[in-house]
Every structure is written in C-alpha cells, then in structure tokens.
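1. sharing a sequence plus its predicted fold:
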Amino acid sequence: MRRAQKSGSTPSKNKQGSKGQRKAAEQAGSAQTPLPLRPREQPEPAVRIQNLAANPELGESLEIDARVAEDEDLEMIPSYRPPRRYRPRPTRGQSLLSFLKASLVILGLLVIIIAATVWQGPDAILNMRAAPWGEPIKVNIPRGTGLKGTANLLKKSGIIDSYYAFLFAALWTEDDGPIKAGEYAISPAVSLEEILLILRRGRVVAYTIPIPEGFTLKQIIARLAANSLVEESTAWVVAQDPAYLASHGLPGDSVEGYLFPSTYRFSRGLSVETIFDTMIEQFWKVWQPLKPLADKKGLSMEETVVLASIIEREAVRDSERGKISSVYHNRLKKDMRLQADPTVIYGLDDFEGRLTRSHLKTDSPYNTYLHKGLPPGPICSPGAKSLKAAVSPKDSKYYYFVAKGNGYHAFAKSLHEHNRNVLRYRKRNRH
C-alpha cells in the first residue's frame with residue numbers, strides 16, 4: 001500500500017530524492033499485472049495447512065504454501081496430494097471390544113434357543129435329530145467322562161449336531177439317572193431323548209465270545225484280547241493274583257480251570273475282574289449240585305476240577321466220558337501213574353505236532369508218566385459234562401485206553417490187551 005503524505009510538510013533534499021524513486025517505482029509497477037507466486041518457486045519458508053474437511057479414511061489433504069510477507073494482497077495457490085489408503089492397527093481395547101461383541105452374539109443365540117424352547121416346550125429339543133436316517137456309529141465313552149465330555153464325543157462322531165441342545169436335553173431329563181460308560185452304537189437318526197435313554201440304561205455294544213470246553217487260560221485270555229476286551233498283561237496279573245483268588249475262594253495259584261466255558265456277551269470297557277467274575281460265577285452255579293457227589297467219592301473241589309480237565313482233553317464223544325473217568329479212578333486206587341498225554345503236553349512250552357517219547361521223558365510237575373497222582377492243577381477249563389463224569393465214573397475194570405482215530409477209544413483191562421489195541425489202531429491210522 002502506498003502511504004499518504006501529510007500536507008504542509010517541507011521535506012529535505014534527500015527525502016525528495018527518495019520520494020522520486022518511489023514514485024518512479026510505483027509508476028513502473030502500475031504498468032504490470034501482479035503474477036501469483038508458485039510455492040516451489042519461492043525460497044521463503046512454507047506453512048502446511050491441513051484441510052479439516054478432508055476424508056480421514058482416504059487420507060486426503062490440501063497443502064497451501066503461503067509466503068511469509070507483510071503484504072496482505074499476496075495470492076495463495078493450493079497444491080493437491082493424491083489420496084492414499086490407511087488401515088489403522090486395532091488397539092488392545094478394540095480387540096477386547098470385538099471379543100465382547102462376538103460373545104454377546106453367541107449369548108444372544110443361546111437366549112433365542114432357550115426362549116424358543118420355553119415357547120414350544122421341551123419336546124422341541126428332545127426330538128432333535130442329527131439326520132433323518134443313518135447307520136449306527138460306534139462311540140466309546142470312557143469311565144469318568146462327564147456330561148460335557150460325552151457331548152463332545154457325540155458331536156465329533158456325528159451322532160448329534162448340537163452340543164448345547166444335548167446339554168439342555170440332558171438337564172431336562174437328569175432325573176433319569178447318570179450316563180454309563182461303555183461302547184455304544186447309535187444312529188444319527190435317533191432323537192436326543194432316545195440317545196440319553198440308551199446312555200443312561202447302558203445299552204452298550206455286546207460282543208459274543210464263545211469259550212469252548214477244554215480251552216486253557218492262555219487261550220481264553222488270547223481270545224478276550226483279540227476282541228479288544230482285555231489287555232493280555234493285565235489279565236495275567238489278575239489271573240494269578242492271590243488276593244483275587246482268595247476273594248472267590250479258589251485254590252491253586254491261578255484261575256486256570258475255573259473260568260467256566262460257555263458263550264458270553266461282553267462289552268468293551270469292562271474291567272478284567274468283571275469279566276472273570278462272570279465266568280467264575282458260572283462255574284460255581286455248575287459246581288454246587290456236584291459237590292455232594294464229590295464228597296461221596298472223597299474228592300475236593302480242586303481234585304474234581306483237575307480230574308475233569310484231564311477227561312475234557314481226552315474225551316471226544318460224550319458217551320465215553322464216564323468210561324475215561326473210570327480208568328483214572330481205577331488207576332488212582334491202584335496207585336498207578338495216570339500216564340495221560342494231555343498233562344504232558346500242558347507242561348511243555350509251545351508244543352506243536354505229535355507227542356514223542358522224548359516229550360514223555362521231559363521232567364515237569366504235569367508229566368503224569370513220571371509222577372504219580374493228579375497233576376498240581378487243572379490243565380484246562382472243563383465243561384459241565386466232564387465235571388459230572390469226574391464225580392460219577394462208570395463202574396468198570398478198565399485201566400487203559402487208546403484212540404481209534406474216529407473220536408472213539410478202545411478200552412482194555414490189562415496191559416497185554418492194551419498193547420494189542422495200540423498196534424492195531426496205530427497201524428490202521430497210518431494207512
């Protein structure tokens with residue numbers, strides 16, 4: 001701006017010169033149009049002014065370079081920066097807020113389910129099914145598994161499709177009793193109410209296990225283990241446990257001979273003791289009626305079982321059990337060695353093939369060719385017919401018998417007659 005000159009003043013010569021210079025400059029400047037000053041063309045410092053109206057998500061900004069000058073008429077030219085994306089990293093508070101929101105959503109869904117159930121009644125949950133149809137799926141519920149653990153197992157196996165619905169159904173029907181451990185086979189088409197009924201009544205998968213007459217303890221344990229019902233090492237420990245034997249009143253050093261042969265149905269998850277208990281209880285049921293007959297013969301329970309186990313291994317035909325029993329009774333009375341091949345075989349380790357003379361000379365407590373009397377314990381589990389034959393032998397004078405090769409035996413009263421039978425039937429069996 002041009003300054004106004006005061007009237008009546010007398011300037012000096014120097015002042016007049018300055019005045020003239022200024023006047024010439026003003027005249028020269030009035031002849032030109034003032035040009036805008038570009039920010040990057042000026043050396044003066046600049047001030048950045050952020051556009052507060054810019055979109056913060058796009059990161060837009062407006063830059064204005066202003067020349068620091070006293071002249072208020074200086075024009076300011078803005079320069080534009082291209083927008084850029086900005087993704088702020090969530091803070092700990094924001095993460096916690098997201099977690100709380102998700103929890104509220106889940107809680108809201110549960111509230112809706114509960115409200116719908118209350119509105120429609122418990123049948124809405126109890127009748128839920130994972131599928132309209134489907135084959136039974138096996139699932140094992142170990143001992144000590146709680147309600148939540150059971151729900152997890154059923155969900156993972158595909159038997160149910162709603163963890164929480166199962167829990168609700170279990171709580172509504174909790175008066176029906178606790179869930180029992182075991183292996184189950186349940187179809188996904190079964191309702192939650194039916195599933196809980198199956199689990200609480202213990203309708204577990206049962207495996208049919210036939211134990212034939214004449215099976216040894218080793219064979220019985222192997223069969224149980226083959227069906228994943230017991231661990232062999234654990235079964236052997238229980239079978240030879242003195243405390244376990246005493247709890248059942250059994251003589252000897254193992255349960256050999258007292259695991260009664262029959263067809264059983266066992267489920268997985270049962271203890272070895274429970275399985276053995278079942279078989280021993282069956283033995284006692286068969287033994288009790290035979291005890292008076294054993295007393296008349298002067299036989300203890302252990303002696304009866306030992307003798308019956310030998311008869312079981314020798315006899316093939318039921319009609320001959322009484323005769324075979326009479327041979328051993330007659331020999332015992334005469335203080336003769338029993339000379340029973342099955343006892344020798346029982347005392348051998350991993351016997352295979354045919355019995356030889358060298359086998360008969362092997363020293364063993366069970367070798368009745370070398371030792372008189374009954375062996376120290378049963379050699380197998382005898383059945384009811386052999387037990388009965390042991391306490392009620394046929395009345396005979398036989399002391400010998402040899403296999404004919406067709407399931408029957410040739411009996412003899414003397415050694416001479418027996419030797420003839422041996423030559424006759426062994427020669428026939430070779431052909």
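-> Okay, I see it.
2. hey, let's count contacts and neighbours off CA atoms from now on
-> Will do.
3. residue closest to the middle of this structure?
-> Geometric centre of the chain, nearest residue: residue 140, 5.8 Å, by C-alpha atoms, centre = their mean.
4. so the closest residue to residue 378 other than its chain neighbours, which of the three states?
-> Excluding the flanking residues, the one nearest residue 378 by C-alpha to C-alpha, 6 or more residues apart in numbering is residue 306, at 4.1 Å. Following DSSP: H, G, I helix; E, B strand; the rest coil, the label given to residue 306 is helix.
5. for residue 306, give its distance to residue 381.
-> The gap separating residue 306 from residue 381 is 9 Å, by C-alpha to C-alpha, to the nearest Å.
6. please say which of the two ends up with more neighbours.
-> residue 381 (31 against 25; other C-alpha atoms under 10 Å).
7. which residues touch the more buried one?
-> Applying C-alpha atoms under 8 Å, 6 or more residues apart in numbering to residue 381 gives the contacts 213, 214, 215, 216, 217, 256, 257, 258, 259, 260, 261, 309.
8. inside strands: which ones of the residues you listed?
-> For the contacts of residue 381, not one is inside strands, with DSSP state E as the criterion.
9. ok, the closest residue to residue 179 other than its chain neighbours - contacts?
-> Of all residues not flanking residue 179 in the chain, residue 200 sits nearest, at 4.4 Å (C-alpha to C-alpha, 6+ apart). Contacts for residue 200 were tallied using C-alpha under 8 Å, 6+ apart; they are 176, 177, 178, 179, 180.
10. where do the strands sit along the stretch 201-350 of the chain?
-> Taking DSSP state E, counting those that start in this stretch, the strands of the stretch 201-350 of the chain run over residues 206-210, 263-267.
11. counting by contacts, list what the last one packs against.
-> I take that to be strand 263-267. Applying 3 or more C-alpha pairs under 8 Å, 6 or more residues apart in numbering; DSSP states H and E, one finds that strand 263-267 contacts strand 206-210.
12. before we move on, back to that, between which two of the contacts of residue 200 is the distance greatest?
-> With C-alpha to C-alpha as the measure, no two of those lie farther apart than 176 and 180, at 11.8 Å.
13. okay, those two: which has more neighbours?
-> Shown here are residue 176 and residue 180; by other C-alpha under 10 Å, residue 180 has more neighbours (19 against 13).
14. three-state assignment of the more buried one?
-> Going by three-state DSSP: residue 180 is coil.
15. do I have it right that it meets residue 198?
-> No - applying C-alpha atoms under 8 Å, one finds residue 180 not in contact with residue 198, separated by 9.1 Å.
16. in this protein, where is pLDDT below threshold?
-> Residues of the chain meeting the criterion pLDDT under 70: 1-96, 105-106, 108-122, 429-431.
17. so what's the closest residue to residue 142 other than its chain neighbours up against?
-> Leaving out its chain neighbours, the residue that sits closest to residue 142 by C-alpha to C-alpha, 6+ apart is residue 181, at 5.5 Å. By C-alpha under 8 Å, 6+ apart, residue 181 lies in contact with 140, 141, 142, 143, 144, 145, 199, 202, 269.
18. those in strands, which ones?
-> 140, 141.
19. which of the contacts of residue 181 count as buried?
-> Among these, those scoring as buried are 140, 141, 199, 202, 269 (criterion: 16 or more other C-alpha atoms under 10 Å).
20. please list all residues in contact with the residue nearest to residue 378.
-> Residue 306 neighbours (C-alpha under 8 Å, 6+ apart): 257, 374, 375, 377, 378, 379.
21. just put those residues in CSV and tack on secondary structure, distance to residue 320 and neighbour count.
-> Converted to CSV, these look like this (DSSP: H, G, I helix; E, B strand; the rest coil; distance: C-alpha to C-alpha, whole Å; neighbours: other C-alpha atoms under 10 Å):
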residue, secondary structure, distance to residue 320, neighbour count
257, coil, 21, 25
374, coil, 20, 21
375, coil, 22, 21
377, coil, 23, 22
378, coil, 20, 28
379, coil, 19, 28
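22. quickly note the distance from residue 228 to residue 271.
-> Relative to residue 271, and taking C-alpha to C-alpha, residue 228 is found at 12 Å.
23. just residue 99 next, same as before
-> To residue 271, residue 99 is 46 Å away according to C-alpha to C-alpha.
24. and those two? Which one has more around it.
-> Using other C-alpha under 10 Å as the criterion, residue 99 and residue 271 rank with residue 271 on top: 15 against 12.
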